[in-house]
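# One predicted model, sequence on top.
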Amino acid sequence: MSSEPTAMFPVTDPGRHAKGRLKMRTLALDISRIWEASATTSTTLCRDHGMEVDTEPIEMEIGSALAAIRTLDLEVIQRSQGHDNRAEGWRRYEATRNADVQGRAVRGLTLLRNADTHAAGVVEVSPEEVFGGTAGYRVFPFWKLYDELPEAVRASSGNEEAYREAVGGRLVIETLLDAFAFLNRCDPTLASRDPKTGELEFFPLKPYPGPVGYERRHPDQPGRAEIHLEVRRRAEAKSPAGIRRTIQYSFPSGDSTVYCGYTDNGSRGQWAFTESAVQVARDVRNGFPYIVATADGAHRRVSAGPDGRLFAGSTGLDALAFPASSVDPAPEVWEGWWKWASEDAFHYRDQRHLG
């Protein structure tokens, strides 16, 4: 038989343990209800105001989840380690929670509960990420950035840094799964499990149609950001698919330059790409051919210097003028494609490897 995972901060008092069991089950149920409510919203398209999403059912469940997290954090686990901050166990729990990535999500979420909010004014839904379905529209609520929170919420002191680092701008469901995962590691006996399989009750969350890529549906699964970093790392490590890439446009992005053009895939045609100067240099050093189409109609192969600077012949690529074309996408289209590739590692992988 498999043994129960070791508790970092066991809750030994029977009464407090029973309360913790109830609140962990409540939190798991709340997370599943938020997931369901987000997948079946009443969303309408208004001529004057655009997409209007009814987030009230989501916000109601979020309020309950925030209350459960605060109770588990402060009243169940922390107070099980001592009566106040003079106790060594109390201080050790605080130090662990404040240093742990998932623990900081717990800390950041208590900012909202301490302000006595039930998610009103702290959650946003992007109209660009709404998926239609037979039972309603699926949306992906995320927490507002700290500076965008209502003043009453920001007036709640103590957890601003944790909120900025571990909560603000992230998907609601991801932060709640982080909080559940941390609390579960503190004392795994608090969570309800299937007596036959040992699986956490209410998990994994039910799959719904949505964006292509990765969706976290279980507290034990890695977060979306972690998966995207790994997907991007692997995509960058492997040379692009196709015969060659032809650069036809460039634009500045931050401290670097983005190059845009088409990948020649032989008989399968051409695929648009957007790539950073750093990655183009890496690809060139690995032997993959990039060609530059310049304003004078010439085509030159790109080379990379030891410092990563790109050249077409003896001319720096950053000094070349690229021809305007009535056929190629407008600058704002290239920039939009780059933004998409920058934010979505799966899309970036597909444009490099013609997925």
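Noted; the coordinates are in hand. Numbering: from 1, shown residues only.
# Am I right that Y137 is in a strand?
Yes. According to DSSP: H, G, I helix; E, B strand; the rest coil, Y137 belongs to a strand.
# all strands for the stretch 251-355 of the chain, in order.
Using DSSP state E, counting those that start in this stretch, the strands of the stretch 251-355 of the chain run over residues 256-264, 270-276, 290-293, 299-304, 310-312, 315-316.
# Which among those strands is found nearest to D13?
Between D13 and these, the tightest spacing by Cβ to Cβ is seen for strand 270-276, at 54.8 Å. Where you see a C-beta, it was placed from the backbone N, CA and C, and this is true even at glycine.
# what angle sits between the closest one and strand 256-264?
Per axes from the mean of the first three to the mean of the last three Cα atoms, to 10 degrees, the angle that strand 270-276 makes with strand 256-264 is 160 degrees.
# what comes up buried for strand 270-276?
Residues of strand 270-276 classed as buried: 271, 273-276 (neighbour count, 16 or more other Cβ atoms under 10 Å).
# residues near the nearest residue to I31 once chain neighbours are set aside, how many?
Counting by Cβ to Cβ, 6 or more residues apart in numbering, I31 lies nearest to L176, which is 5.0 Å off, once chain neighbours are set aside. Using other Cβ atoms under 10 Å, the number of residues around L176 comes to 25.
# how near is L176 to D13?
According to Cβ to Cβ, to the nearest Å, L176 and D13 sit 26 Å apart.
# Mind checking what secondary structure the residue nearest to I31 has?
The three-state assignment at L176 reads helix, by three-state DSSP.
# So what pairs up with T257 in the strands?
P252 (DSSP bridges).
# how far away is it from E335?
For T257, the distance to E335 - Cβ to Cβ - is 12 Å.
# Identify the contacts common to those two.
F251 (Cβ atoms under 8 Å, 6 or more residues apart in numbering).
# doesn't R33 make contact with the residue nearest to I31?
No. Judged on Cβ atoms under 8 Å, L176 makes no contact with R33 at a distance of 10.9 Å.
# quick one, which of the strands of the stretch 251-355 of the chain is nearest to I77?
strand 270-276 (43.8 Å).
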